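Q: build me a structure from this.
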Amino acid sequence: MAMFRECAILVLAVSASAATVAAQEPRPPVSQCQAIAERLPDVTFASFAPVAYEAPEVTITFVGHSTFLIESPGGIRIATDYSGFLLPGGPPDVATMNKAHESHFTMTPDPGIGMVLHGWGDTPGEPANHDMVVGDVHIRNVSTDIRAFGTFEEDGNSIFIFELADLCIGHLGHLHHELADSDIAEIGRLDVVMVPVDGGLTLGAESMRNVIERLHSSVVLPMHRTGPRVRDFAAMFAGDYEILYSDARSIRLSLASLPRAPQFVLLNGVW
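A: Coordinates of the predicted model:
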């Protein structure tokens, strides 16, 4: 499944007048995850970098439930699905939230958090729309629908995507439905994907498997539920993925260390 990774080179041609405007106004961030995925569809990305190449590393730590702490090479700390009671060792620079259940958000976050990003639109009828650079991290979201209080709420949650150290990391949040082609295109390439395992409140196991297979990620990190249910879910991928049970709560990844064959990694605390 692993294939050579192709670097995307984006060339921007601007006129002298356009360059003057660009100098006055900050240019919006460009997603390398989307650019490469558009050129190489249906590819699992892997590392074929020379051993001597010291690529910058990202540390991902499982805090609990759906909260991971992502630490960039530049020191930016991001807590996913921050609920206020699973704490990532001090207030992060960025906290993302989803509102399907109170275990995925809080309306009273630590005031020390630098930036709180809601996965739902704060204006009624409008989805969340995040596309920004924080330090050395490009953060954006793709809205998804949720079941809420017996109804179906359009754009009620988000998949958050973090682009850092040449890696594309996606957190599926509290995903309730399979992704459409337009969703996959908007997400782009994901080297690492954090997947909710539940089968009841979130997307069912078979449907979630379809989502994972369509994303073609090198590393899959399960979350949400723990124990036998997660182990059973991981077993569904035996033969197509290398299944790893880690004694550590953290994993360090870089462009150079991506596995050549895709891996399903269960961090300590999950399995």
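Q: return the set of buried residues in stretch 133-140.
A: V134, G135, V137, H138, I139, R140 (16 or more other CB atoms under 10 Å). Any C-beta I mention is one placed from the backbone N, CA and C, and that applies to glycine too.
Q: repeat that for stretch 55-62.
A: For stretch 55-62, by 16+ other CB under 10 Å, it's A55, E57, V58, I60, T61, F62.
Q: could I get the phi/psi values of the last one?
A: Backbone torsions for F62, taken as degrees, to the nearest 10, come to phi -80, psi 120.
Q: quick one on the thing from earlier: now, which of the buried residues of stretch 55-62 sits nearest R189?
A: V58 (15.2 Å; CB to CB).
Q: kindly list the longest helix within this structure.
A: Of all the segments of type helix in the chain, defined by DSSP state H, the longest one is helix 205-215.
Q: same question for it, mean pLDDT?
A: Average pLDDT, helix 205-215: 90.
Q: got the contact list for that helix?
A: If you take CB atoms under 8 Å, 6 or more residues apart in numbering as the criterion, helix 205-215 is touched by 170, 172, 175, 177-179, 184, 187, 190, 193, 195-197, 199, 202-203, 220, 233, 236-237.
Q: among the buried residues of stretch 133-140, which pair sits farthest apart?
A: Using CB to CB, the two most remote members of those are G135 and R140, lying 15.0 Å apart.
Q: so which residue is smack in the middle of this protein?
A: G170 (1.3 Å; CA atoms, centre = their mean).
Q: identify the residue spatially nearest to it, adjacent ones excluded.
A: Once flanking residues are discounted, G170 sits nearest to L190: 4.2 Å by CB to CB, 6 or more residues apart in numbering.
Q: got it, and E57?
A: Per CB to CB, 6+ apart, closest to E57 is S254, 4.5 Å.
Q: please name the bridge partners of F162.
A: F162 has these beta-bridge partners by DSSP bridges: I139, I169.
Q: that one and H138 touch, don't they?
A: Yes - using CB atoms under 8 Å, F162 is in contact with H138, at 7.4 Å.
Q: for this structure, which spans come out with low pLDDT?
A: By pLDDT under 70, the weakly predicted segments of the chain are 1-28, 39, 43-53, 148-150, 199-202.
Q: again, only this time at 80
A: Scanning the chain for pLDDT under 80 picks out 1-28, 35-54, 100-102, 147-152, 176, 198-204.
Q: the helices in the stretch 1-150 of the chain, which residues?
A: 16-24, 32-39 (DSSP state H, counting those that start in this stretch).
Q: of the contacts of helix 205-215, select the buried ones using a PyMOL command.
A: To isolate the buried ones among these in PyMOL, judged by 16+ other CB under 10 Å, type:
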select buried, resi 170+172+175+179+184+187+190+193+195+196+197+199+202+203+220+233+236+237
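Q: among the contacts of helix 205-215, which are in strands?
A: G170, V193, V195, P196, V197, V220 (DSSP state E).
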